[in-house]
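Chemist: Have a look at this fold, sequence not included:
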């Protein structure tokens, strides 16, 4: 296994994170605009309900299938439990480490889609790696339609116990039990507060 080193990561500015570009006619100012450059495509399951504007856009352009950038946009703003930065800023989540099977171009209808996310913890002995993986999985389960399956894991060689962490994250029963723990659920909710 090759050694993956993310210790003492360069902290990326939000404007340096990969995102779909969009033109803004007048720049907004103030605290509510700090995440404006993170672009979320309009999907009814992300908002909880569908508006007539969403339906008009879908009729005009057709629904774009979810791709790696959409997944990145969903999980990169999750805050790190130990640092005052997001997983995207710390490079724990990276766009090249997100894979969808089958690829968007080959998807039709409600076909089953597997999302694989490889995480790179900031240090190879990160004690909260499982919590970070759980937060990513929880965020994806909350926001994507039911035909999506998730495989969240530590990148090979990035964690001293990546096999044990991956086993915990891949066990549906352990994940379900963890989400019933009020203390852990509170920590996850706090980490997801930075998500739009």
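Modeler: Received it, and whenever you're ready, just let me know what you need. Here the structure is a predicted model, which means the values were calculated and not measured.
Chemist: Each with direction, which strands does whichever strand or helix holds residue 116 pair with?
Modeler: For residue 116, the host element (DSSP states H and E) is strand 113-119. Strand pairing for strand 113-119, determined by DSSP bridges: strand 98-101 (antiparallel), strand 148-154 (parallel).
Chemist: Run through the neighbouring helices and strands of the next helix or strand after that strand.
Modeler: Using DSSP H and E, the next helix or strand after strand 113-119 towards the C-terminus is helix 129-143. Here helix 129-143 touches helix 68-75, strand 113-119, strand 148-154, helix 162-170, helix 172-179, helix 182-191, going by 3 or more C-beta pairs under 8 Å, 6 or more residues apart in numbering; DSSP states H and E. Just so you know, the C-beta spots here come from the backbone N, C-alpha and C atoms, and that holds for glycine as well.
Chemist: Confidence-wise, which of these is weakest overall?
Modeler: Confidence, taken as mean pLDDT, is least for helix 162-170 of the helices and strands packed on helix 129-143 (a mean of 86).
Chemist: what packs against that helix?
Modeler: Using 3+ C-beta pairs under 8 Å, 6+ apart, the elements in contact with helix 162-170 are helix 129-143, strand 148-154, helix 172-179.
Chemist: Pretty sure residue 152 sits against residue 169.
Modeler: Yes: taking contacts as C-beta atoms under 8 Å, residue 152 lies within contact range of residue 169: 5.3 Å.
Chemist: Kindly point out which residues are neighbours of both of these two.
Modeler: 133, 134, 137 (C-beta atoms under 8 Å, 6 or more residues apart in numbering).
Chemist: Wait, the second one touches residue 170, no?
Modeler: I take that to be residue 134. No: using C-beta under 8 Å, residue 134 makes no contact with residue 170, being 11.4 Å away.
Chemist: and these two? which has more neighbours close in?
Modeler: Taking other C-beta atoms under 10 Å, residue 134 and residue 170 do not tie; residue 134 has more neighbours (23 against 15).
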